[in-house]
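Build me a model:
(2 chains)
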There are 2 protein chains.
Amino acid sequence: MTVNRAGRSVPDHIEGYGPVRHYEGAFERLPQGPKVGPLIRRARDGASSKVLKDLKEAIEASGLKSGMTVSFHHHLRNGDMVVNQVIRTCAEMGIGDLTIFPTALFGVHRELMEHIRSGVVRRIMGSVNGPIGRLVSEGGMAEPVVLRSHGGRPRAVASGDVKIDVAFIAAPSADRHGNLSGSQGRSACGSLGYAFTDAMYADHVVAVTDNLVEGTLCPISIPQIYVDHVVKVDSIGDPAGIVSGSTRITKDPLRLLIARMASELIEASPYFRDGISFQTGAGGIPLAVTAFLKEAMIRRGVKGSFGLGGITGYFVELLKEGLLECLMDVQSFDLEAVRSIASDGRHMEISAEWYASPWTCGSAVDSLDAVILGATEVDLDFNANVNTEADGYLLHGIGGHQDTAAGAKLTIIAQPLLRGRIPCVVDRVHCVTTPGEVVDAVVTEFGITVNPRREDLLEAAREARLPLISMEELLHRARRISGPMDPLPQEDRIVAVVEWRDGTVIDVIRQVKPKAR
Amino acid sequence: MTVNRAGRSVPDHIEGYGPVRHYEGAFERLPQGPKVGPLIRRARDGASSKVLKDLKEAIEASGLKSGMTVSFHHHLRNGDMVVNQVIRTCAEMGIGDLTIFPTALFGVHRELMEHIRSGVVRRIMGSVNGPIGRLVSEGGMAEPVVLRSHGGRPRAVASGDVKIDVAFIAAPSADRHGNLSGSQGRSACGSLGYAFTDAMYADHVVAVTDNLVEGTLCPISIPQIYVDHVVKVDSIGDPAGIVSGSTRITKDPLRLLIARMASELIEASPYFRDGISFQTGAGGIPLAVTAFLKEAMIRRGVKGSFGLGGITGYFVELLKEGLLECLMDVQSFDLEAVRSIASDGRHMEISAEWYASPWTCGSAVDSLDAVILGATEVDLDFNANVNTEADGYLLHGIGGHQDTAAGAKLTIIAQPLLRGRIPCVVDRVHCVTTPGEVVDAVVTEFGITVNPRREDLLEAAREARLPLISMEELLHRARRISGPMDPLPQEDRIVAVVEWRDGTVIDVIRQVKPKAR
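Predicted structure coming up:
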């Protein structure tokens, strides 16, 4: 057991994970040596031989065997039908003991629970939102889930921490040459950003599509050179679950107040100038921050450079109105974003590696000025937890939280102090997803709490006469309202390992102990 | 000495090249094992530290030392100013004994001749057009030049045959994050297709630009994650040498006749149907073939899929008129192409690997229906020579000749039988660039000569009542006009090694022996 640089006690070896490299600080671990070299493949006549009859034939052609690792991406979100179809087919074919390596799983994947119980799926490395997370939290999997950020995942693949045997890429459109696109077809999801690394590094790549076009796709997300086989299925997804019709700004006055203060903090910072870049994401508060920022940009005549991350219709609006030069899109959240990426050259599709990997010549997050994030908990040291809920259940992935926080010059966590009677500010978070050293401010309905490490920011906020409140005071208020919180009862057994984006382990999540009733 | 599968005598070891892997046939050599893994780099704050003062500072930062390998790409063609500036700076800094690995050198690079003589440049791996080729042919370099095709080059890098220490990328536009674009700026050249592999595999990447933009570039050819440093210089190129104002169709009736017959052969083939893809290049005859094909497509109501390769305004016209679905552009030849790639999403930039590498899951050439090529000589076995001229001088690179010939379902070499009194059909070519097994037909002013291996094509041509002539008859006519040709006098010394696209050696080129006067 070692107490790491984030103050967390983590064993030196975790059963089912292996030896632990302990978290050393947000920027301490340096890469050494080369990337792994993916298998060289050769296909002389791709177009005539790439398209196979069904998933079974593709799985056979891929050489997939029990014990191997298969990867998936989550651009189809809660509308995805590919993961279930593939694992079901594996089960039917007698292939088991699989490690699945999705970027994220959702409620729609609850079918996997039976395959976990039956041993078809032995291990998950990836975000587990919802029912699978609940199963994991209650000790339903033999091996711990490994959680990685959007940037940590391609880093892990490129550096050889994870070897993908077969990548299954849900492709809203594909041609017979193996070119894939996310922006066309009835299951269009926009960017395929998370799937690039899988395509580039897997030993074998199977594209699964419900829109196999004749001729040549255009534009192309993932080129034919990485795709071994293409399979057409009836449906890869439910459009209603893939993209929301339109993401909505919150109407809750309390949340609007928080969003306004967060926007004002950005405006007061030195980063609010021509060329500002930002990421705000798709939640109600972040969207409202975008709207307030837009007002401020117009009022003060500021023009931004790039908008980053999961892209919404609000960002598309900023682009169209000339307030942003371009969008860098690793995941398109709504229909407006999907339409835009398909038609506007300034709306660029970027890979997860480009978006967020810590081990490149500089990823997009490294050029980011400001990011608005959420968290289920923040503590006295500004550590943020985005993985577990107040009851200790692992219900959320890391997403780009670690990456943008580490990269952005100004990282703001904006959210109400209380959800019901549950405080979001605590003494000590249940799990450290993102360390306090990369969190610059927390904005709640009680005001702006600046990390003392950022004296410059505190000074700027004071000058702008923004309402400031210390973390201690915030915690005091939270306690007064919520009353004393009992420590969460938990078992010793580790059910999930939280990696920092550089591959060190920043924390672990343990099995929940059912409350006595 | 071994006689290889193309019938050429090649030593088993070549001084300055190493052990020879002999050519085994166009599709025999299979890749084994993985690609090489490029060095993992990390830059936390790219935007503020990537831009360096000048080339000297960038070369220092790159760690470039004597004896290393530096790479360049040739999209600026005969207008390029980057190669000379970089090598001159190396010379000034006392760095020598360099291997240079350009995609191609042109007349504008004659300045390199002094650096070859002085030992700053020891070795060239790449196409040598013009004066450097002349120097090489006369024995002016200690080590043989290594010639690779556009697809063979990225294959060589990815498989580890060539390690690039520092890649210098001439970038018509760059931003401070290290994103590069070829389609904007006063030195715009369109696609940066050949530079992708260098960016992805070099230990260190320096972008050289004369247009450093504030904010973020868009669209982006090569992303920031691969670029270590950016240097701004006064000029990277002379626009007049970069793109021609407009590529022109031949007006010579003889060449028009040849082009018409080539087009008619395509029209008579089974590949002339909806979805046809083709590459025709930028020469006078190929452009005329494009024009005739266009007529045929309109006349017969055929719509094509993709146009490939070096892209000209004529291909842009086909795109705009709906006769092609999209363009896949590894090199933009004229202003129309540069304008189009910058503004039309259907005009796609592709890497050289995507274009032509033999070791992928299927490159664009593998999906190609028809290609029109030239050659300085073709022989009885349909072998083609594109490297040496009639006097034995090495004056041209391989380009995509091998790749498209190997990939396309219909490979046509179209050109006059005679240039002056010099025949282009001979008993035995001076050098085999592309073996006869992948050449389907030769079209001259005397008619269409179909490779006997392609009985199906011969049948189709007969059915269409196209004028056919056998290779023997063609050779007979050539001889009758030109008179007997003496064998070229040459020294024993090997001045260039011609690799087949899979890394085997298909032929060697020897030093020319000055004629007695």
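
where exactly do the helices run in the stretch 51-200 of chain A?
Using DSSP state H, counting those that start in this stretch, the helices found in the stretch 51-200 of chain A span residues A:55-62, A:82-92, A:112-117, A:131-137, A:152-158, A:195-201.

Relative to chain B, which of the ones you listed is closest?
For chain B, the closest of the helices of the stretch 51-200 of chain A is helix A:152-158, at 7.0 Å, according to C-beta to the nearest C-beta. From N, CA and C alone the C-beta is placed, and that goes for glycine too.

List the buried residues of that closest one.
Residues of helix A:152-158 classed as buried by neighbour count (16 or more other C-beta atoms under 10 Å in any protein chain shown): A:Gly152, A:Arg153, A:Pro154, A:Arg155, A:Ala156, A:Val157, A:Ala158.

which of the helices of the stretch 51-200 of chain A sits most buried?
helix A:152-158 (a mean of 28; mean count of other C-beta atoms under 10 Å in any protein chain shown).

Grab the nearest non-local neighbour of A:Pro19.
Excluding the flanking residues, the one nearest A:Pro19 by C-beta to C-beta, 6 or more residues apart in numbering or on different chains is A:His13, at 5.4 Å.

interface residues of the stretch 151-300 of chain A facing chain B?
Residues of the stretch 151-300 of chain A that fall close to chain B, judged by C-beta under 8 Å from any C-beta of the partner chain: A:158-159, A:177-178, A:205, A:214-216, A:218-220, A:223-228, A:275, A:277.

The same query, at a cut-off of 6 Å, please.
Within the stretch 151-300 of chain A, the positions near chain B by C-beta under 6 Å from any C-beta of the partner chain are A:His177, A:Gly215, A:Thr216, A:Cys218, A:Pro219, A:Pro223, A:Gln224, A:Ile225, A:Tyr226, A:Val227, A:Asp228, A:Gly275.

can you redo these as JSON lines with distance to B:Glu463?
Compiled in JSON lines, these are given as follows (distance: C-beta to C-beta, whole Å):
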{"residue": "A:His177", "distance to B:Glu463": "30"}
{"residue": "A:Gly215", "distance to B:Glu463": "27"}
{"residue": "A:Thr216", "distance to B:Glu463": "29"}
{"residue": "A:Cys218", "distance to B:Glu463": "34"}
{"residue": "A:Pro219", "distance to B:Glu463": "39"}
{"residue": "A:Pro223", "distance to B:Glu463": "37"}
{"residue": "A:Gln224", "distance to B:Glu463": "33"}
{"residue": "A:Ile225", "distance to B:Glu463": "37"}
{"residue": "A:Tyr226", "distance to B:Glu463": "40"}
{"residue": "A:Val227", "distance to B:Glu463": "37"}
{"residue": "A:Asp228", "distance to B:Glu463": "38"}
{"residue": "A:Gly275", "distance to B:Glu463": "65"}
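
about what we covered before: and the helices of the stretch 51-200 of chain A as JSON lines, adding mean pLDDT?
Formatted as JSON lines, the helices of the stretch 51-200 of chain A follow (pLDDT from 0 to 100):
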{"stretch": "helix A:55-62", "mean pLDDT": "97"}
{"stretch": "helix A:82-92", "mean pLDDT": "98"}
{"stretch": "helix A:112-117", "mean pLDDT": "97"}
{"stretch": "helix A:131-137", "mean pLDDT": "96"}
{"stretch": "helix A:152-158", "mean pLDDT": "98"}
{"stretch": "helix A:195-201", "mean pLDDT": "98"}
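
quick revisit: can you give me the neighbour number for the residue nearest to A:Pro19?
Applying other C-beta atoms under 10 Å in any protein chain shown, we find 8 residues neighbouring A:His13.

For it, what are phi and psi?
phi -140, psi 130 (degrees, to the nearest 10).

That one and A:Thr2 touch, don't they?
No - using C-beta atoms under 6 Å, A:His13 is not in contact with A:Thr2, being 10.6 Å away.

one step back: the residue nearest to A:Pro19 and A:Ile509: what is the separation?
Per C-beta to C-beta, to the nearest Å, A:His13 is found 17 Å from A:Ile509.

Residue ranges in the stretch 301-450 of chain A under the pLDDT threshold?
Judged against pLDDT under 70, the stretch 301-450 of chain A has no low-scoring part.

isn't there a strand covering A:Ala406?
No - the assignment for A:Ala406 (DSSP: H, G, I helix; E, B strand; the rest coil) gives helix, which keeps it out of a strand.

In space, what's closest to it - neighbours in sequence excluded?
Closest to A:Ala406 by C-beta to C-beta, 6+ apart is A:Val438, at 4.8 Å.

Quick one: neighbours of the one you found, just the number.
A:Val438: 22 neighbours (other C-beta under 10 Å).

Next up, phi/psi of it, please.
Dihedral angles for A:Val438 - degrees, to the nearest 10 - are phi -110, psi 10.

Which parts of the stretch 401-517 of chain A are helices?
Counting by DSSP H, counting those that start in this stretch, the helices of the stretch 401-517 of chain A are A:401-407, A:455-463, A:471-482.

Tabulate these in CSV, adding columns for mean neighbour count and distance to A:Leu373.
CSV is the format used below for the helices of the stretch 401-517 of chain A (neighbours: other C-beta atoms under 10 Å in any protein chain shown; distance: least, C-beta to C-beta, whole Å):
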stretch, mean neighbour count, distance to A:Leu373
helix A:401-407, 29, 6
helix A:455-463, 15, 16
helix A:471-482, 15, 17
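
what helix or strand does the residue nearest the centre of chain A sit in?
In chain A, the centroid-proximal residue (C-alpha atoms, centre = their mean) is A:Gly399; its distance is 1.9 Å. Element membership for A:Gly399, per DSSP states H and E: none, as it lies in no helix or strand.

so where do the strands sit in the stretch 151-300 of chain A?
For the stretch 151-300 of chain A, the strands defined by DSSP state E, counting those that start in this stretch cover A:166-171, A:173-175, A:180-181, A:204-209, A:212-213, A:229-232, A:278-279.

which of those strands sits most buried?
Stretch with highest mean neighbour count among the strands of the stretch 151-300 of chain A: strand A:166-171 (a mean of 30; mean count of other C-beta under 10 Å).

Let's test this: mean pLDDT of that one, rounded?
Strand A:166-171 carries an average pLDDT of 98.

what angle sits between that strand and strand A:204-209?
Here strand A:166-171 points in a direction 20 degrees away from that of strand A:204-209 (axes from the mean of the first three to the mean of the last three C-alpha atoms, to 10 degrees).

Strand A:166-171 - contacts with which helices or strands?
Helices and strands touching strand A:166-171, by 3 or more C-beta pairs under 6 Å, 6 or more residues apart in numbering or on different chains; DSSP states H and E, are strand A:69-72, strand A:204-209.
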